[in-house]
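Give me a 3D structure for the following:
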Amino acid sequence: MTKIIARDRLILALDVPSAAEAERLMDQVQDQIAFVKVGLELYTAAGPEMIQRLINRGKRVFLDLKFLDIEETVRRATERVAAMGVEFLTVHANRKALAAAVKGRGHSPLKLLAVTVLTNFDSHDLRDMGIQLTVQELVTARALLAAEVGCDGVVASGEEPGVLRPKVGPRFLIVTPGVRPAGKDVDDHARATTPTQTIAAGADYLVVGRPIRTAPDPAAAAAAILAEMQAAFDARA
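Next comes the predicted model:
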């Protein structure tokens, strides 16, 4: 079995309001971070140029735009993302949107991740939306849908990999945001877990933002998380 290297599996969430702040954070974390996530805030501020700047730095890019629209719009937008050289893209777990994204990425190496249930949602939020399933039931149903239509994986909280892994198999990617080192504030995530818990449950990639971004020494914070992740991946192997 190939050894998993934690540096390949930690994704830093670049949830900052400008290209200048993103560049400053990348300078601070130095070579501790190889993979970054660009979400709505930074993409709105800096656009595709920011993606190219990160790729020029040698970084892998996860574009977290959570596409959901009519099929033709999703297909064409996914084509544009694939042409950028992005590695991961999120799409809401709606059958038509997922199928359109699969068609749009064509034969590119872009990996499509279905958004199952946002990590700040709990069962009360689902009921407010008229959904009677539990969070785990809905996450499982949406993960199976994503696999069926040809997506590469899902975004799911650290509480779900243990439920999903037996159902989706070893090759289906599980990417987990809302990861917090023990003792850290969970912020607005309703279903946060530690790196050790998340990896032991079966997650493949961990997305971490504020515990690194707001640390006095972001590089040291990233190194500590990487050390915990590596120990967890080694123990799982």
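
Any buried residues in the longest helix belonging to the chain, and which?
When the chain is parsed with DSSP state H, its longest helix is helix 218-236. By 16 or more other CB atoms under 10 Å, the buried positions in helix 218-236 come out as 218-219, 221-226, 228-230, 232-233. For every residue, glycine as well, the C-beta is placed using N, CA and C.

ditto for stretch 80-94
Val81, Ala82, Met84, Val86, Glu87, Phe88, Leu89, Thr90, Val91, His92, Ala93, Asn94.

In CSV: those, plus distance to Ala146, secondary structure and pLDDT.
Listed next are the buried residues of stretch 80-94 as CSV, based on distance: CB to CB, whole Å; DSSP: H, G, I helix; E, B strand; the rest coil; pLDDT from 0 to 100:
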residue, distance to Ala146, secondary structure, pLDDT
Val81, 17, helix, 98
Ala82, 18, helix, 98
Met84, 22, helix, 97
Val86, 18, coil, 97
Glu87, 17, coil, 98
Phe88, 13, strand, 98
Leu89, 13, strand, 98
Thr90, 11, strand, 98
Val91, 9, strand, 98
His92, 10, strand, 95
Ala93, 6, coil, 93
Asn94, 10, coil, 93
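
List just the nearest of those to Ala147.
Distances from Ala147 to these, taken as CB to CB, are shortest for Ala93 (10.7 Å).

in the protein, which strand has the most residues?
strand 60-67 (DSSP state E).

which stretches of this structure form strands?
10-13, 35-38, 60-67, 88-92, 111-115, 153-155, 173-176, 205-208.

tell me the most buried of the ones you listed?
Most buried of those by mean neighbour count (mean count of other CB atoms under 10 Å) is strand 153-155; its value is a mean of 27.

next one: phi and psi at Asp69?
phi -160, psi -170 (degrees, to the nearest 10).

and the residue lying closest to it once chain neighbours are set aside, how many residues sit next to it?
Of all residues not flanking Asp69 in the chain, Ala97 sits nearest, at 6.9 Å (CB to CB, 6 or more residues apart in numbering). Neighbour count for Ala97, taken as other CB atoms under 10 Å: 24.

quick one: contacts for Ala97?
Residues near Ala97 by CB atoms under 8 Å, 6 or more residues apart in numbering: Phe67, Leu68, Asp69, Glu71, Val74, Val91.
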